[in-house]
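Participant: just to be clear, the model below is a prediction. Sequence and coordinates:
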There are 2 protein chains.
Amino acid sequence: MAATESVRAGGRGLRADALRNRQRLVAAARQIFEEQGLDAPLDEVAERAGVGAGTLYRRFPTRAELVEAAFEDELRRVTAIAEEALRCEDPWTGFSTYVERLCGAMAADRGLSDLFTVRLPNSQVASALCDRQSAALAKLVRRAQEAGALRADFVPEDVFLFLLANAGVAQVTRCAAPHAWRRLVAFLLASCGPDHTEPLPAAPTPLQTERALLGNAETKGLGSCPGEGAGPNRA
Amino acid sequence: MAATESVRAGGRGLRADALRNRQRLVAAARQIFEEQGLDAPLDEVAERAGVGAGTLYRRFPTRAELVEAAFEDELRRVTAIAEEALRCEDPWTGFSTYVERLCGAMAADRGLSDLFTVRLPNSQVASALCDRQSAALAKLVRRAQEAGALRADFVPEDVFLFLLANAGVAQVTRCAAPHAWRRLVAFLLASCGPDHTEPLPAAPTPLQTERALLGNAETKGLGSCPGEGAGPNRA
DNA sequence: TAGCAACCGGACGACCTTCTCCGGTTACCG
DNA sequence: CGGTAACCGGAGAAGGTCGTCCGGTTGCTA
């Protein structure tokens, strides 16, 4: 059982060829997801990895597990963005570079973009990173507000709104106008200054945010409830 | 031949039962597209219309034709928004209500939202409306800028960016937080004032905008080139 | 009202994606 | 070096959507 655990968490304890194939699969998935989004055909992943479909499904029984493995590093890198931003001296620079870098990462990677509009079900790694990210973000916002650089009615969930907006632009313009998202983000950041007095409509609550993410998990072929009616096809 | 023309443009000249079924199909498509987006299964449209699949495909050989018929009225209504906004006395109010109403219409209707991220191929109706819309928008922007209410570096294509951003938010939050888009639009409008001096990154050019729209037509099952490799399935 | 042409709709074949099964192969350990 | 257990990967079933075909039906017209 301890062996089984270690197998699932990263591939240690696998036979040499199995481990090699696992790594190939993760690398291929990383590429395919980046290009096509999280709902890309899994057969294509297997093919690019030079591996049979059976091997893929044995190693990663669900799409969610493959996604988690493929984005483990990338998620860690994204989390680091928040913490680097916190180390920035100027509170406004910290906040704005955080938003910019996050949006940039999402614009460059369709899979990552999908990941931020979906709560990965049953992923402890993702949840932990998400919590760290939230904590850092809250500090980032509070600090900028205390410095008088960020409007007082800004809430951390607004960054979530910004990310969704950015994803919407990036998804359509990625090929034809790869820098369009930059202009959107510039608009958004320009509206975050302290000198805006018009009241804003209510922000989504954390509960609403959570539910929005969960609701979209099904769309991408990531079932939300693991044991739930696992029909062979949900495309 | 003249008869054939009139058949295609609205259904005049059809037998009574055929016309009735056509209307049912359009109404059903309107509902389904609103709920599920433009890539909804067509069989479902036929079912809701109480009609066989054969009837649907005979009347509307391609998805694009059905989409065009289903959204003809709605598109006309959307175009009216721009012209109403032009009749508004205050230039800023005209501009901002235009953006708000447009975004609101898209947030309420997934199909309409899709329509704005896709250039409907070979649709004269849509193209004509789009041209009218563009003309009205250009006036709206110029007028607001001349009144000093809108930042000078704003270009009409920015509204396109806003729409994409709004669509991104609406798509994810539609169920869980149906008013989230309002807050995003408020942020965006707040960044449009004349007192923003930070330079913006370059806007997408009209050509890039066009190509972004065309590129997405395939995603929604609307082939861009009519005669092109019409494999029976592209889902 | 009768005959014909147009229309209806279910059934069907093609294609795609997901996921499983099993015979052949290969790595590991003694 | 040999036996065994784990692994590989192709074949294929299940389920879904698209688009077509054809026998039966129905509206229109004379």
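Facilitator: Everything's here; your move. These numbers come from a predicted model, not from an experiment.

Participant: taking chain A, what residue is nearest to chain B?
Facilitator: Closest approach between chain A and chain B, counting by Cβ to the nearest Cβ: A:G168, at 1.8 Å. Where you see a C-beta, it was placed from the backbone N, CA and C, and this is true even at glycine.

Participant: any idea where the helices of chain A begin and end?
Facilitator: Counting by DSSP state H, one finds helices in chain A at the ranges A:2-8, A:16-36, A:42-49, A:53-59, A:63-87, A:91-108, A:110-115, A:124-146, A:157-173, A:180-190, A:206-217.

Participant: give me whichever of the ones you listed is most buried.
Facilitator: A comparison of the helices of chain A by mean neighbour count, using mean count of other Cβ atoms under 10 Å in any protein chain shown, puts helix A:157-173 on top with a mean of 26.

Participant: got the helices of chain A as TSV, with mean pLDDT columns?
Facilitator: Putting the helices of chain A into TSV (pLDDT from 0 to 100) gives the following:
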stretch	mean pLDDT
helix A:2-8	38
helix A:16-36	93
helix A:42-49	94
helix A:53-59	93
helix A:63-87	93
helix A:91-108	97
helix A:110-115	92
helix A:124-146	91
helix A:157-173	95
helix A:180-190	98
helix A:206-217	82
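
Participant: the residue of chain A closest to chain B touches B:F162, doesn't it?
Facilitator: No. Look at A:G168 against B:F162 with Cβ atoms under 8 Å: they stay out of range, at 10.0 Å.

Participant: state the distance from the closest residue to A:F33 other than its chain neighbours to DNA strand C.
Facilitator: Closest residue to A:F33 apart from its sequence neighbours, by Cβ to Cβ, 6 or more residues apart in numbering or on different chains: A:G111 at 3.2 Å. A:G111 sits 14 Å away from DNA strand C, taking Cβ to the nearest atom of the strand, to the nearest Å as the criterion.

Participant: for A:G111, give me its contacts.
Facilitator: A:G111 makes contacts with A:30, A:33-34, A:36-38, A:67, A:70-71, as judged by Cβ atoms under 8 Å, 6 or more residues apart in numbering or on different chains.

Participant: turn these into a markdown table, including distance to A:A135.
Facilitator: Putting these into a markdown table (distance: Cβ to Cβ, whole Å) gives the following:
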| residue | distance to A:A135 |
| --- | --- |
| A:R30 | 27 |
| A:F33 | 27 |
| A:E34 | 27 |
| A:Q36 | 32 |
| A:G37 | 28 |
| A:L38 | 25 |
| A:V67 | 24 |
| A:A70 | 25 |
| A:F71 | 20 |
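
Participant: what's the most distant pair in those?
Facilitator: Farthest-apart pair in the contacts of A:G111 is A:Q36 and A:F71; separation 14.1 Å (Cβ to Cβ).

Participant: the residue in chain A positioned nearest to DNA strand C and A:C130, how far apart?
Facilitator: Proximity to DNA strand C, evaluated over chain A using Cβ to the nearest atom of the strand, is greatest for A:A16 at 2.6 Å. Distance of A:A16 to A:C130, computed by Cβ to Cβ, to the nearest Å: 34 Å.

Participant: same thing with A:F162?
Facilitator: Counting by Cβ to Cβ, the separation of A:F162 from A:C130 is 16 Å.

Participant: show me the domain layout of chain A.
Facilitator: For chain A, automatic domain parsing gives the domain ranges A:11-61, A:71-220.

Participant: anything in the first one near DNA strand D?
Facilitator: Yes. Residues of domain A:11-61 are located near DNA strand D by Cβ under 7 Å from any atom of the strand, namely A:14-15, A:17-18, A:20-21, A:50-55, A:58-59.

Participant: hmm, B:A180 and A:P204 touching each other?
Facilitator: Yes. Between A:P204 and B:A180 there is a contact under Cβ under 8 Å: 4.7 Å.

Participant: who touches both of the two?
Facilitator: Listed contacts common to A:P204 and B:A180 are A:161, A:212, B:173; contacts here mean Cβ under 8 Å, 6+ apart.

Participant: save the residues you listed as a markdown table, and put in distance to A:L140 too.
Facilitator: Shown next, in a markdown table, are these (distance: Cβ to Cβ, whole Å):
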| residue | distance to A:L140 |
| --- | --- |
| A:L161 | 16 |
| A:A212 | 22 |
| B:T173 | 22 |
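
Participant: format the residues you listed as a markdown table; extra columns: distance to DNA strand D.
Facilitator: A markdown table is the format used below for the shared contacts of A:P204 and B:A180 (distance: Cβ to the nearest atom of the strand, whole Å):
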| residue | distance to DNA strand D |
| --- | --- |
| A:L161 | 31 |
| A:A212 | 23 |
| B:T173 | 24 |
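
Participant: most distant residue from the middle of chain A?
Facilitator: Going by Cα atoms, centre = their mean, the residue of chain A most distant from its centre is A:T197, 32.4 Å out.

Participant: what about stretch A:39-55, how long is it end to end?
Facilitator: Its start and end residues considered, stretch A:39-55 measures 19 Å (Cα to Cα, to the nearest Å).

Participant: right, is that stretch up against chain B?
Facilitator: No. Using Cβ under 8 Å from any Cβ of the partner chain, stretch A:39-55 never reaches chain B; the gap is at least 11.3 Å.

Participant: is there proximity between that stretch and DNA strand C?
Facilitator: Yes. Against DNA strand C, stretch A:39-55 shows contacts by Cβ under 7 Å from any atom of the strand at A:39-43, A:53-54.

Participant: now do the nearest residue to A:F187 once chain neighbours are set aside against A:A190, distance only.
Facilitator: In this structure, A:F187 finds its nearest non-sequential neighbour in B:S191, 4.4 Å apart by Cβ to Cβ, 6+ apart. Distance, B:S191 to A:A190, by Cβ to Cβ: 4 Å.
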